[in-house]
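Participant: Build the 3D model from these lines:
(chains A, B, C and D)
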Number of protein chains: 2
Amino acid sequence: MNTKSTRDHIIDAADQLFYQQGYNHTSFADISGAVKISRGNFYHHFKTKDEILGAVINRRITNTRTLLNSWEDETHSPAQRICCFVNILITNQTKIMQYGCPVGTLATELTKLHHSAQPEAVKLFTLFREWLSGQFTQLGHADRADALAMHLLARSQGIASLASAFQDAAFVKQEVDDACAWVLSLSQEVDQKCS
Amino acid sequence: MNTKSTRDHIIDAADQLFYQQGYNHTSFADISGAVKISRGNFYHHFKTKDEILGAVINRRITNTRTLLNSWEDETHSPAQRICCFVNILITNQTKIMQYGCPVGTLATELTKLHHSAQPEAVKLFTLFREWLSGQFTQLGHADRADALAMHLLARSQGIASLASAFQDAAFVKQEVDDACAWVLSLSQEVDQKCS
DNA sequence: GTCTATAGATTGATAGAC
DNA sequence: GTCTATCAATCTATAGAC
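Facilitator: The predicted structure follows:
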């Protein structure tokens, strides 16, 4: 299946560059340079920069759905699944220390630019939010599942933010362990009530 | 004292615009337009955009030092002082929901741009980090004061990030209360050991 | 110190040949 | 589908008159 279309290559390159350099700072020349096509050809596939952004966000939404489903398939307990989420910070540590969280940094940038695609970018957050909320419900905290989801989402955002500012891998490890322990404590809380 | 120099006015305007629009997206025309001076006059005061950025960061560092000192003067217990820090999220809620945290968003942007002033921007984080670390030491947690400082810094960053993404004031209130309760629990932990 | 005028590069975007 | 050539706007930055 090495038949990726030029359009797909453009989205690939734009996805990476938007993450690494930011949306605003990435020019058509940057993207067409990375794909090794002319700027003219570029406009055959995407009329405006916003159009590429939309395609990139849609791709990220699809990829996120796939990721969440894979966690659903590979693990058995909700606590394990939530820890899968927290562990993205370890899995993607190198990139996160260089460029921050791809979801958070894009949303922040689009908010500042008053960009019309901001709500679309926030959908990526919502995907994680609703999924986490579902896991916390399964964990036995249906009454405050959404608040717990937002709390964990905020913690992971904070860890990513400081990780990229201070370039501190030990801090990430510490905070991830801390967050997983917190998830476990929420799980045991329910066990105690049942016993 | 209404004798603010043009230079000061430029730094004022740049400070606000860098926060609201981001550094990269703010042009000389934006700044000179806000100060109502010509672009030519502008260059009399600052030769390059990086020079303005340096001045803005220096001003923010000075302002942060003043803020931290005021907390030191106005409150009596370290737990109270730490809660002063957490409460910035309430005090500046409107702006944070619009533009995020001024410290975090600038550091993130400069990191992505590989900008030479990134370490200077991170100094703003370090100021809070060291101050918080000192407060946690006074609270009786000298052994892990820096880790606690980083933890709280990360939490506030995460809250600011999600606040601007979701525009959710109730979430900010909830998380701030949560964080203050956490600080209080750390304070009582020590009281119990002493009694 | 403030202004106008302008250079030189880069930007997003278009037209049209192959 | 891919290319070259080009436009109009905007950007950082400079020169020089007042």
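
Participant: Count residues in the vicinity of residue A:41, would you?
Facilitator: Residue A:41 sits with 12 neighbouring residues when counted by other Cβ atoms under 10 Å in any protein chain shown. Quick note: C-beta positions are derived from backbone N, CA and C, even for glycine.

Participant: near DNA strand C, which residues of chain A?
Facilitator: The interface of chain A toward DNA strand C, taken as Cβ under 7 Å from any atom of the strand, is made up of A:26-30, A:39-40, A:43-44, A:47-50.

Participant: give me phi/psi at the residue in chain A that DNA strand D sits nearest to?
Facilitator: Here chain A gets closest to DNA strand D at one residue, residue A:40, 1.8 Å apart by Cβ to the nearest atom of the strand. Backbone torsions for residue A:40, taken as degrees, to the nearest 10, come to phi -60, psi -50.

Participant: Residue numbers of chain A in contact with DNA strand D?
Facilitator: With Cβ under 7 Å from any atom of the strand as the criterion, chain A comes near DNA strand D at residues A:5-6, A:37-41, A:43-45.

Participant: please redo it, this time with the cut-off set to 6 Å
Facilitator: For chain A, the residues in contact with DNA strand D (Cβ under 6 Å from any atom of the strand) are A:6, A:37-41, A:44.

Participant: Nearest to residue B:66, out of these: which one, please.
Facilitator: When these are compared for distance to residue B:66 (Cβ to Cβ), residue A:39 wins out at 49.1 Å.

Participant: Check which residues of stretch A:160-178 are buried.
Facilitator: When burial is assessed from 16 or more other Cβ atoms under 10 Å in any protein chain shown, stretch A:160-178 yields the following buried residues: A:160-166, A:171-172, A:174-176.

Participant: and what of stretch A:140-153?
Facilitator: For stretch A:140-153, a neighbour-count test (16+ other Cβ under 10 Å) marks A:140-141, A:145-153 as buried.

Participant: again with stretch A:96-109
Facilitator: Using 16+ other Cβ under 10 Å as the burial criterion, the residues of stretch A:96-109 that qualify are A:96-97, A:99-109.

Participant: Point out the ones among those that are inside strands.
Facilitator: In strands, judged by DSSP state E, none of the buried residues of stretch A:96-109 are found.

Participant: Secondary structure and pLDDT added to the residues of chain A next to DNA strand C, as CSV?
Facilitator: Formatted as CSV, the residues of chain A next to DNA strand C follow (DSSP: H, G, I helix; E, B strand; the rest coil; pLDDT from 0 to 100):
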residue, secondary structure, pLDDT
A:26, coil, 97
A:27, coil, 95
A:28, helix, 95
A:29, helix, 94
A:30, helix, 96
A:39, helix, 91
A:40, helix, 91
A:43, helix, 93
A:44, helix, 94
A:47, coil, 94
A:48, coil, 94
A:49, helix, 95
A:50, helix, 96
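
Participant: which among those end up buried?
Facilitator: Restricting those to buried positions leaves A:26, A:30, with burial counted as 16+ other Cβ under 10 Å.

Participant: quick check, nearest of the residues of chain A next to DNA strand C to residue B:134?
Facilitator: Out of the residues of chain A next to DNA strand C, the one with the shortest distance to residue B:134 is residue A:26. That distance is 40.9 Å, counting by Cβ to Cβ.

Participant: ok, now which ones touch the closest one?
Facilitator: The neighbourhood of residue A:26, defined by Cβ atoms under 8 Å, 6 or more residues apart in numbering or on different chains, consists of A:14, A:17-18.

Participant: cool, and residue A:136?
Facilitator: Applying Cβ under 8 Å, 6+ apart to residue A:136 gives the contacts A:78, A:82, A:142, A:144-145, A:148-149, A:186.

Participant: Mind doing that once more with 10 Å?
Facilitator: Under the criterion of Cβ atoms under 10 Å, 6 or more residues apart in numbering or on different chains, the contact partners of residue A:136 comprise A:78-79, A:82, A:142-149, A:151-152, A:183, A:186-187.

Participant: Could you find the closest non-adjacent residue to residue A:29?
Facilitator: residue A:39 (6.4 Å; Cβ to Cβ, 6 or more residues apart in numbering or on different chains).

Participant: now that neighbour: how far from residue A:15?
Facilitator: 19 Å (Cβ to Cβ, to the nearest Å).

Participant: elements contacting the one helix or strand in chain A whose mean pLDDT sits lowest?
Facilitator: Each helix and strand of chain A was given a mean pLDDT (mean pLDDT, DSSP states H and E); the minimum falls on helix A:169-194 at a mean of 89. With contacts taken as 3 or more Cβ pairs under 10 Å, 6 or more residues apart in numbering or on different chains; DSSP states H and E, helix A:169-194 sits against helix A:78-86, helix A:88-91, helix A:93-99, helix A:118-138, helix A:145-166, helix B:145-166.

Participant: quick one, it and helix B:145-166 angle?
Facilitator: With axes from the mean of the first three to the mean of the last three Cα atoms, to 10 degrees as the basis, helix A:169-194 and helix B:145-166 are set at 80 degrees to each other.

Participant: tally of neighbours for residue A:155?
Facilitator: Each residue near residue A:155 was counted by other Cβ under 10 Å, and the total is 24.

Participant: is it true that residue A:79 touches residue A:189?
Facilitator: No. Residue A:79 sits out of contact with residue A:189 when judged by Cβ atoms under 10 Å, with a separation of 11.1 Å.

Participant: between these two, who's got more neighbours?
Facilitator: Neighbour comparison, residue A:79 and residue A:189: the larger count goes to residue A:79, with 21 against 12 (by other Cβ under 10 Å).
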